[in-house]
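*Asks:* What would the 3D arrangement of this be:
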Amino acid sequence: MRVMKAVVTMGREVQWEGVSGSGHRVTMDGPEEAGGKNAGFRPMELMLLGLGFCMGYDMVLILRRMRKEVTGYQIHLTGQRAEAPPSVYTEVILEHVITGKGISAASVERALELAENKYCSASAMFSKTATLTNKFRIEEAQ
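*Replies:* Numbers count the residues shown, from 1 in each chain. All right, here's what the predicted structure looks like:
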């Protein structure tokens, strides 16, 4: 079993500071209507970013193991949340833009299958409440 730790500490108004077990810090803030000052991430924004980081990291590792030359990678995420509390994500569209040399659609499709269904812990968690849709575009590097 892998144990991870973090600490969140209340600041002013609805601001919080989070410190990960590895020592990295992040500032979180609530929405303006709750007294937030737009001084940091919203918790649900961090969750969406976490999904993107996890999928991107796994995709690049998988593609490179396939001996594909990945020179750039970007994921545009669009998440829909339920109207009623707890307002979980119900749908997330991930638009992958992969830049590299000689990368085929078939290799990206296989990497997406492995990342989403086997390796990415965040996608496994998100899929409990949300439909995940992966789209991709390959750009040939110059």
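*Asks:* correct me, but E91 touches T131?
*Replies:* Yes - counting by CB atoms under 8 Å, E91 does reach T131; the two are 4.9 Å apart. In this view, the C-beta of every residue, glycine as well, is placed from N, C-alpha and C.
*Asks:* ok, these two, which is more surrounded?
*Replies:* Counting neighbours by other CB atoms under 10 Å for E91 and for T131 shows that E91 has the greater number, 15 against 12.
*Asks:* Please determine how far F126 is located from L48.
*Replies:* 9 Å (CB to CB, to the nearest Å).
*Asks:* got the contact list for T90?
*Replies:* 80-82, 129-131 (CB atoms under 8 Å, 6 or more residues apart in numbering).
*Asks:* tell me which of these is nearest to A6?
*Replies:* Distances from A6 to those, taken as CB to CB, are shortest for T129 (21.6 Å).
*Asks:* Burial check on the closest residue to that closest one other than its chain neighbours, number of neighbours?
*Replies:* Nearest residue to T129, sequence neighbours excluded (CB to CB, 6 or more residues apart in numbering): V88, at 4.3 Å. Close neighbours of V88, defined as other CB under 10 Å, add up to 15.
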